[in-house]
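Q: my questions concern the predicted model and sequence given below.
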Amino acid sequence: MRLRVLADPGQTALANDFAAALDPLVRDADSGRIQRGLDMARNPGRVDDIEIEPGTAQAFVAGSSSGRYAVRIRVREFDRADRAAWDLVLGPMGFGPDVEAGRFSRDLIDCAAENGSPIVPEPDEVEADCDCPDPQWTCKHIIAVLSILVQEVDRSGAVLLRLRGIDAPDAQSAPDDPESGRTLWAKRAYEHGPTAAEAFARECGPLPEPPGTPAEPVLQCFHEHPYDPGRFTADLNADALDLQAAIAATTALLAIDLPLQPRPDDLALDAARIASGTREAIPRLAEIAGCTPPELEDRALAWIFGGETGIQTLTDQFQPDPETRKAADAILKARFGTVSRRQNRWTIAAEGLQLRLGRDGRWYPYTKEAGRWLPDGPPAADPLEAAAVGPPAPG
């Protein structure tokens, strides 16, 4: 079995990882087709410039005798959860400057994958087709375009991000920076802190007094339920601890930019909290919450932004008092023009935006994705603030 047909030691780590993901597309082709495809990629003029759009790369390839054949490569785009995880990689995890500069280091690639927003797609997330008459599914034209696509990713990692549906500057690939991913605190400590020799030469201060020994062991906290999502149970094991660690890490990251939501006592609500930190457990958690996995994914997203009331706004509809309705109508129409309202939901179709008034008096922003309205930010006391827009421009 051939592996890494499209890889090259001189390429970036990102390009070689992408080459490995594409290899299953060429494994069934015979060596002749593979060699002819690679030769076509090296021959100027045989393959037109590749057009990159979210989810698709397309190029025309010259045939052996006459005619040009269209080759299309499809890559799964990031969904809403992937994008939220990618925002964490750029912001709290500190890799934003590296992406801007074109530095796609191994640390960045691994961090994005571990955080749920892998830059490199899985092999089953990539498809290819060609309109040539070759009965072999993986023809030489597809191999040529795949080879050039890997070269493009080697030139600029932003090419792969755009395939994933993420806007990124088309910066040339740059060498790794030893400060990649450092937080502001870590960078200052690196620049102004003591040297390793100075740190090791320092003497340790006195240790604090140890805490007193409890009179009797303290039992762990757990629910009387067959499955205890994210809490310690009477039977501690590696999987339970791993789940807790994942939830704690995700909660800590979200708390950097969003208010920390208190842990609910209701088991169904807590399933949404846990689902926001571990997507792998969503099918099991959905059984506990009494809903479908897609419904739980929506609840998890609503929990991240608004906690218990955020989840309530997913389905809750009520008639606000006349004064609130009148004030909101005036503010939103002055800013957006045409606005429609149904009970506690104001829809600005031109902006692809919906604002939902919660029973706590705050406004929850929603945007439309695949025909469904989904939470898209933290709530605000003012509808324009929730919509993330400024005051209307002066006339």
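A: Received it, and whenever you're ready, just let me know what you need. The structure presented is a predicted model; accordingly, all values stated were derived computationally and were not measured. Numbers count the residues shown, from 1 in each chain.
Q: OK, contacts around residue 150?
A: Applying Cβ atoms under 8 Å, 6 or more residues apart in numbering, we find residue 150 in contact with 6, 7, 11, 15, 18, 19, 22. (Glycine included, C-beta is placed from N, CA and C.)
Q: pull the most distant pair out of the residues you listed.
A: Greatest spatial distance among the contacts of residue 150 (Cβ to Cβ): 11 and 22, at 12.6 Å.
Q: more neighbours: these two, which one.
A: residue 22 (27 against 19; other Cβ atoms under 10 Å).
Q: low-confidence ranges, the stretch 151-300 of the chain, go.
A: The model of the stretch 151-300 of the chain has pLDDT under 70 over residues 171-196, 214-244, 246, 250-251, 253-257.
Q: please enumerate the strands of the stretch 51-200 of the chain.
A: 51-53, 56-62, 68-75, 126-130 (DSSP state E, counting those that start in this stretch).
Q: the third one - what's its average pLDDT?
A: Translated: strand 68-75. Strand 68-75 carries an average pLDDT of 94.
Q: what's next to that strand, contact-wise?
A: The set of residues external to strand 68-75 that reach it, using Cβ under 8 Å, 6+ apart, is 48, 55-63, 121, 125-132, 141-142, 144-146, 149, 163-164.
Q: ok, the contacts of residue 150 vs residue 343, which is closest?
A: Using Cβ to Cβ, the contacts of residue 150 come closest to residue 343 at residue 18, 47.8 Å.
Q: doesn't that closest one fall inside a strand?
A: No: read with DSSP: H, G, I helix; E, B strand; the rest coil, residue 18 is helix and lies in no strand.
Q: that one reaches residue 160, doesn't it?
A: Yes: using Cβ atoms under 8 Å, residue 18 is in contact with residue 160, at 6.1 Å.
Q: what touches both of these two?
A: The contact sets of residue 18 and residue 160 overlap at 120, 153 (Cβ under 8 Å, 6+ apart).
Q: so which of those two has more stuff around it?
A: Neighbour count, other Cβ under 10 Å: between residue 18 and residue 160, residue 18 has more, with 30 against 26.
Q: can you get me a residue count around residue 210?
A: By the criterion of other Cβ under 10 Å, residue 210 has 6 neighbours.
Q: looks to me like it is in a strand.
A: No: Residue 210: not assigned to a strand; according to three-state DSSP it is coil.
Q: residue 269: how many residues sit nearby?
A: 18.
Q: ugh, wrong one, I meant residue 27
A: By other Cβ under 10 Å, neighbour count at residue 27 equals 13.
Q: so which helix or strand takes in it?
A: Assigned by DSSP states H and E, residue 27 belongs to no helix or strand.
Q: in a strand, that's where residue 374 is, yeah?
A: Yes: membership of residue 374 in a strand is supported by three-state DSSP.
Q: could you list every residue that touches it?
A: 80, 298, 301, 366, 367, 368.
Q: quick check on these: which are buried?
A: Neighbour counting with 16 or more other Cβ atoms under 10 Å marks 80, 298, 301, 366 as buried within these.
Q: can you put those in JSON lines and add secondary structure and distance to residue 107?
A: Shown next, in JSON lines, are those (DSSP: H, G, I helix; E, B strand; the rest coil; distance: Cβ to Cβ, whole Å):
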{"residue": "80", "secondary structure": "helix", "distance to residue 107": "25"}
{"residue": "298", "secondary structure": "helix", "distance to residue 107": "32"}
{"residue": "301", "secondary structure": "helix", "distance to residue 107": "28"}
{"residue": "366", "secondary structure": "strand", "distance to residue 107": "35"}
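Q: of all these, which comes closest to residue 388?
A: residue 366 (12.4 Å).
Q: quick one, what contacts that closest one?
A: 353, 354, 355, 356, 373, 374, 375, 376.
Q: pick out whichever of those sits closest to residue 344.
A: residue 356 (6.0 Å).
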